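Student: what's the 3D shape of this:
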Amino acid sequence: MANHVSALKRARQTERRTEVNRANRSRVRTSLRAMREALTQGDVKAANEQFRATVSTLDKSVQKGVVHANTASRYKSRLNARLKAMATAKA
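Tutor: Okay, here's the model as predicted:
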């Protein structure tokens, strides 16, 4: 355990930041899971709406530093490819 006043403060700050980061990471994972479920169900309209929400969540997580920009870009690209494949298969 920390002994200095500054180290104690740093420990408190780390606990708070950890909670915030955990909540943000959880939000991203939940959004990705919902998007994948929408894709599996095959409802194009619902998947489209969920895709917009997921992209927004990913972009916010990049701003907060929870997810790297390239990682978010890769997720968005793959989800968009699956969405387009599903939409063209239905049409």
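Student: pLDDT at residue 89, what is it?
Tutor: Predicted confidence (pLDDT) at residue 89: the value is 87.
Student: tell me, what residue is most central in the protein?
Tutor: For the chain, the residue whose C-alpha lies nearest the mean C-alpha position (CA atoms, centre = their mean) is residue 28; its distance is 2.4 Å.
Student: Following element in sequence after the longest helix belonging to the chain, please.
Tutor: Among all segments of the chain classified by DSSP state H, the helix with the greatest residue count is helix 5-41. Taking DSSP states H and E as the definition, the helix or strand that follows helix 5-41 towards the C-terminus is helix 44-64.
Student: so what secondary structure elements neighbour the helix or strand that that following helix is followed by?
Tutor: Following the chain from helix 44-64 toward its C-terminal end, the next helix or strand by DSSP H and E is helix 69-90. Counting by 3 or more CB pairs under 8 Å, 6 or more residues apart in numbering; DSSP states H and E, the packing neighbours recorded for helix 69-90 are helix 5-41, helix 44-64. Yep, even glycine has a C-beta here, placed from its N, CA and C like the rest.
Student: Tell me, how many residues neighbour residue 69?
Tutor: 13 (other CB atoms under 10 Å).
Student: ok, now which ones touch it?
Tutor: Under the criterion of CB atoms under 8 Å, 6 or more residues apart in numbering, the contact partners of residue 69 comprise residue 62.
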